[in-house]
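K.L.:
sequence unknown, structure follows:
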DNA sequence: CCTAGCCAAGCAAGCGCTTGGGAGGCCGCC
DNA sequence: GGCGGCCTCCCAAGCGCTTGCTTGGCTAGG
């Protein structure tokens, strides 16, 4: 939760400062309810009136708690990305070799992804919208850092002989990250547990990218 | 935004070709143009006015060729799914063992997916919308047949000892199908060729699911 | 003269968001 | 204690705009 993200180019009347302590419970309820709707119907496909109705108030009352509809989406997505990035950084700092770091990334971030499945779905479905909105420019920065971590570890693993030498790191990164982020949305649909998906994923990944000579894992 | 007429890029003075081949040429243009817009901004995120402007006509004129906006999306998606299903069926009828069938599916359908990348993107981004519209109910049927083919082949491979015996076929199917369908949308973003992606994919897949005892491939 | 194709104009519904004000709780001050 | 002022939270109404879609009429080719 980075409060500096509240900054906004628009110089409209600032949001009510409120008490520095915990914000109203109603506000948190709206965020939770809205994120579920965003996940089900997409960000653009969800109306402020729907969010308000689900929260038991009228649409105009939403704007007492939030500056705009985008501010609600911001609240959901920023917290999610911050947490994922924290997972990645901690995996890098505590892991040993490249394979170990990647396994830590998968294992720690998978639960974060599962917990924020609404934010993940939003990110995937409405990326084409968010990526063009200046307000959500920080997403590009965050995703670039994630990409950098993957690529660094894949390169490191190649040089250490843990991964196949013919691996295209950029291509492999795209495959692996999306493979990792995708299945976290089926939870309710497929009836698989998070750990179930993670184990199947890790087996699929490592037995594919680990070089036979290394014989790791 | 500006309803005033813009210069039309393509000359309308094209030869009055006998449009005996089904519908008019303009209609096909609209479908092609619309599918690109749908891929870029999503189905719901694209307006009829945008499609019309890109086609060089006014929005009302669209309705001379199509009953509704959904009819345009229908035209794009139905053709795509038909072609993919044909690929799957032919792979099943001409392939030998399960691994061979799956490789044929990946290799033949990948080019179909790449050629219809707009339809694929539409299917992924706006699935939550299409799945609730009765008009697009046939999608569920088609996807169910695709799922059945995957599961049948995975089961067959398990029994023949080609795939790991501990494979969860349902879970593996979800992983593999999404892994296969995902990367076909990066073409423009990553700069990878279709064959490049397919080869990386096949290596990642088979070296992960082929049982060591079989030693195939 | 007929019809396919298009334009110009606009309708009803829905969108995000604004406005003005009212109910109720908390505050300090007499 | 009583009371006016203030603040939080919400409602009722509606504004300006965009949406998918409709209508009526003009034009050109067969």
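P.N.:
Thanks, I have it. All of these numbers come straight from a predicted model, not from anything done at the bench. Numbers count the residues shown, from 1 in each chain, chains lettered A, B, ... in the order given.
K.L.:
which stretches of chain A form helices?
P.N.:
With DSSP state H, the ranges of helices along chain A come out as A:25-41, A:48-55, A:59-65, A:69-94, A:98-115, A:117-125, A:127-130, A:137-159, A:169-181, A:187-190, A:194-209.
K.L.:
so which of these is the most packed in?
P.N.:
By mean neighbour count, with neighbours taken as mean count of other CB atoms under 10 Å in any protein chain shown, helix A:117-125 ranks first of these at a mean of 21. C-beta: built from backbone N, CA, C; applies to glycine.
K.L.:
what's it packed up against?
P.N.:
On a contact count with 3 or more CB pairs under 8 Å, 6 or more residues apart in numbering or on different chains; DSSP states H and E, helix A:117-125 meets helix A:25-41, helix A:69-94.
K.L.:
the bottom helix or strand of chain A by mean pLDDT?
P.N.:
Here the helix or strand of chain A ranked lowest by mean pLDDT, DSSP states H and E is helix A:187-190, holding a mean of 58.
K.L.:
re the thing from before, format the helices of chain A as a markdown table; extra columns: distance to residue B:154.
P.N.:
Listed next are the helices of chain A as a markdown table, based on distance: least, CB to CB, whole Å:
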| stretch | distance to residue B:154 |
| --- | --- |
| helix A:25-41 | 29 |
| helix A:48-55 | 40 |
| helix A:59-65 | 47 |
| helix A:69-94 | 31 |
| helix A:98-115 | 23 |
| helix A:117-125 | 26 |
| helix A:127-130 | 31 |
| helix A:137-159 | 28 |
| helix A:169-181 | 17 |
| helix A:187-190 | 15 |
| helix A:194-209 | 13 |
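K.L.:
can you tell me how far the residue of chain A found nearest DNA strand D is from residue A:76?
P.N.:
Residue of chain A nearest DNA strand D, by CB to the nearest atom of the strand: residue A:60 (2.9 Å). Going from residue A:60 to residue A:76 by CB to CB, to the nearest Å gives 21 Å.
K.L.:
and residue A:99, by the same measure?
P.N.:
In terms of CB to CB, residue A:99 sits 33 Å off from residue A:76.
K.L.:
could you do residue A:44 as well?
P.N.:
In this view, residue A:44 and residue A:76 are 14 Å apart by CB to CB.
K.L.:
for residue A:205, same thing?
P.N.:
Computed as CB to CB, the residue A:205 to residue A:76 distance reads 29 Å.
K.L.:
in contact with whatever residue of chain A ends up closest to DNA strand C, which residues?
P.N.:
As assessed by CB to the nearest atom of the strand, DNA strand C sits closest to residue A:60 within chain A, at 2.7 Å. Shown in contact with residue A:60 (CB atoms under 8 Å, 6 or more residues apart in numbering or on different chains): residue A:52.
K.L.:
per-residue pLDDT, the residue lying closest to residue A:31 once chain neighbours are set aside?
P.N.:
Setting aside the residues directly before and after it, residue A:31 is nearest to residue A:75 in space (CB to CB, 6 or more residues apart in numbering or on different chains), at 5.3 Å. You'll see residue A:75 listed with a pLDDT of 94.
K.L.:
same question for the one 10 residues further on.
P.N.:
On pLDDT, residue A:85 comes in at 95.
K.L.:
nearest spatial neighbour of it, skipping sequence neighbours?
P.N.:
Using CB to CB, 6+ apart, the closest residue to residue A:85 is residue A:142 (5.8 Å).
K.L.:
isn't residue A:181 up against residue A:121?
P.N.:
No: applying CB atoms under 8 Å as the test, residue A:181 and residue A:121 come out as separate, 10.1 Å apart.
K.L.:
and the end-to-end length of stretch A:61-77?
P.N.:
Terminal residues of stretch A:61-77 are spaced 22 Å apart (CA to CA, to the nearest Å).
K.L.:
hmm, who's touching that stretch?
P.N.:
Taking CB under 8 Å, 6+ apart as the rule, stretch A:61-77 contacts A:5, A:8, A:12, A:15-16, A:24, A:26-27, A:30-31, A:34-35, A:38, A:43, A:48, A:51-52, A:55, A:118-119, A:122-123, A:130, A:133, A:135-136, A:139.
K.L.:
for stretch A:117-132, same thing?
P.N.:
A:35-36, A:38-39, A:42-44, A:73, A:76-77, A:79-80, A:113, A:136, A:139-140, A:181-182, A:184-185, A:187, B:40-42, B:45, B:124-126, B:128.
K.L.:
burial count for residue A:134?
P.N.:
Applying other CB atoms under 10 Å in any protein chain shown, we find 7 residues neighbouring residue A:134.
K.L.:
where's residue A:42 relative to residue B:90, distance?
P.N.:
Distance of residue A:42 to residue B:90, given as CB to CB: 35 Å.
K.L.:
kindly reformat the helices and strands packed on helix A:117-125 as TSV and extend each row with distance to residue A:105.
P.N.:
Shown next, in TSV, are the helices and strands packed on helix A:117-125 (distance: least, CB to CB, whole Å):
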stretch	distance to residue A:105
helix A:25-41	23
helix A:69-94	4
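K.L.:
got those helices as CSV, with distance to DNA strand D columns?
P.N.:
Below are those laid out as CSV (distance: least, CB to the nearest atom of the strand, whole Å):
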stretch, distance to DNA strand D
helix A:25-41, 4
helix A:69-94, 12
